[in-house]
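[1] Please find the sequence and the predicted model below.
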Amino acid sequence: MEAFILKFFDWDKIPMKLIFLIFIVSCVLTLVPVQYLEYLKIAKFNKEYGQYSGVFLLGSFAFLIVSLVSYFIRKYNVNRQNKAFVRKVQLEMFGLTNPEKMLIAYIAGTGRKTINLPAMNPNVVALENKLIIYKSSSSGQGGIRGLFWTYTISEHAIPYISEHVLASLEKLRKESPEYIEQLKYDIEEYKNAP
């Protein structure tokens, strides 16, 4: 029974333009002096149905207030969630491991936001779980070395790709060149795959 009542009073399905029109018409009928109503030739209508205009005025005003309050609450919640998301990405950017920094530096070093990466690489998976990169296509391409997806750097992570991360590319190349070579080999395999 409650589900039926909730369906009947679904606020989102009532058009706001209609409620606003009812509010304006009931305001005119209730608040405008009689001589103006006679000039507009709606005095007779106001005599017959004027007793209902106050009820419609209060009802439509209350509905507009409730709709505005729920709109602002929704906007506030979305804004708060976006700030929490950006804060999470920022914290994750400062807590990257060396191979993850190297992968970010490699992506940033290509000069493109979107790049094909091996989907099963643990560092790619870690960056995706940290919301720093995301899959920008709905399907990947298989090759000899595995599955490659098109990844994009999150727009919330781009401001935090600092000179430190980019400078770490040279340092990490010296410390672990085998990882860079393996990543380059994986990407070359993808490019050469039939």
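    Happy to help now that I have it.
[2] which secondary structure element contains residue 53?
    In the assignment (DSSP states H and E), residue 53 maps to helix 43-94.
[3] Tell me the helices and strands packed up against that helix.
    helix 16-31, helix 34-39 (3 or more CB pairs under 8 Å, 6 or more residues apart in numbering; DSSP states H and E). C-betas here are computed from N, CA, C, even on glycine.
[4] So which of these is the most surrounded?
    Stretch with highest mean neighbour count among the helices and strands packed on helix 43-94: helix 16-31 (a mean of 15; mean count of other CB atoms under 10 Å).
[5] Alpha carbons of that one, as PDB, please.
    This file holds the C-alpha atoms of helix 16-31, laid out as PDB (Å, rounded to 0.1, in the frame of the first residue of the first chain):
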ATOM      1  CA  MET A  16       7.600  22.200 -12.300                       C
ATOM      2  CA  LYS A  17       6.400  24.500 -15.000                       C
ATOM      3  CA  LEU A  18       2.800  23.400 -14.300                       C
ATOM      4  CA  ILE A  19       3.200  24.000 -10.600                       C
ATOM      5  CA  PHE A  20       4.800  27.400 -11.300                       C
ATOM      6  CA  LEU A  21       1.900  28.300 -13.600                       C
ATOM      7  CA  ILE A  22      -0.600  27.300 -11.000                       C
ATOM      8  CA  PHE A  23       1.300  29.400  -8.400                       C
ATOM      9  CA  ILE A  24       1.300  32.500 -10.700                       C
ATOM     10  CA  VAL A  25      -2.400  32.200 -11.600                       C
ATOM     11  CA  SER A  26      -3.500  31.700  -8.000                       C
ATOM     12  CA  CYS A  27      -1.300  34.600  -6.900                       C
ATOM     13  CA  VAL A  28      -3.000  36.800  -9.500                       C
ATOM     14  CA  LEU A  29      -6.500  35.700  -8.400                       C
ATOM     15  CA  THR A  30      -5.700  36.100  -4.700                       C
ATOM     16  CA  LEU A  31      -3.500  39.100  -4.500                       C
END
